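generate a structure from the sequence data that follows.
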Amino acid sequence: MQRLRPLAPLVLMLVFPVLGSIYQLVNHPNDRVYSLVTQADLAIPFIKYFALPYGVWIFYIYACLVYLFFKDRNLYYRGIILYTLCAMTCYGIYLVFQTTVPRPVVTGSDPFSELVRFIYKRDQPYNCFPSIHCFSSYLVMRLFLTSKARSRMIMILVSTMSILIIASTQFVKQHVLWDAVSAIALVEIYHFVIYVLPGALRSREKVRQQKELQA
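I've put the predicted structure just below:
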């Protein structure tokens, strides 16, 4: 047990199944359902091959956070905090502003078509704005961009995978462009409020105190 104690913070990742169970409670239409589909969304083609990056999304998020746990512990904690806050905010929005995305009819019998049908069956066409796939993929990419453990190869892999997952939400017709934009904005807002703003305020207060001492 003593040898396992350093791994104890990994227990924090149990928040993911908890959040997943909460998601299922709100994964249904409300009394009024909105559409954010634009002409730009209609111009985006359905590409079944993007079902693969879409489908491996949660395993990718797990892998990134476990890597940060061992290589950059502070960013691991930051990732857990930001993910939880963003997810809970999404759930709150889903309850009061439910959106939906029209899905194409998938007729093929190949593995990619089967995977799309599995995705559609498992996830109802609601809970779209903001996109959980998008905010979490952007979040881990953002974490790695500031990580002391990053390398050129790691950044290429993480950035490529995150971009593919975000793109997949559009090409498999699970989300619209506003869902992706709002997801990225959500991460940036929480990151600024929790990690940037307090530091800026402390620096400002420190400068003020130094000026008072010099006066």
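
okay, strands next: where are they in the chain?
Using DSSP state E, the strands found in the chain span residues 33-34, 98-99.

by contact count, what packs against the first one?
For strand 33-34, the elements it packs on are strand 98-99, judged by 3 or more CB pairs under 8 Å, 6 or more residues apart in numbering; DSSP states H and E. No exception for glycine: its C-beta is placed from N, CA and C like everyone else's.

go through the chain and flag its longest helix.
Longest helix of the chain, by residue count under DSSP state H: helix 73-96.

buried stuff in that one?
Buried residues in helix 73-96, counting neighbours by 16 or more other CB atoms under 10 Å, are found at 75-76, 78-80, 82-83, 85-87, 90-91, 93-94.

residues making contact with stretch 28-38?
Residues lying outside stretch 28-38 but in contact with it, judged by CB atoms under 8 Å, 6 or more residues apart in numbering, are 95, 97-102, 124, 126, 128-129, 176-179.

measure that stretch end to end?
Stretch 28-38 has an end-to-end distance of 23 Å (criterion: CA to CA, to the nearest Å).

and it, what's its mean pLDDT?
Average pLDDT, stretch 28-38: 90.

which stretches of the chain have low pLDDT?
Residue ranges of the chain with pLDDT under 70: 1-2, 215.

let's check: the centremost residue of it is which one?
residue 136 (1.5 Å; CA atoms, centre = their mean).

so it makes contact with residue 83?
Yes - judged on CB atoms under 8 Å, residue 136 makes contact with residue 83 at a distance of 6.1 Å.

now do the shared contacts for those two.
Between them, residue 136 and residue 83 share these contacting residues under CB under 8 Å, 6+ apart: residue 61.
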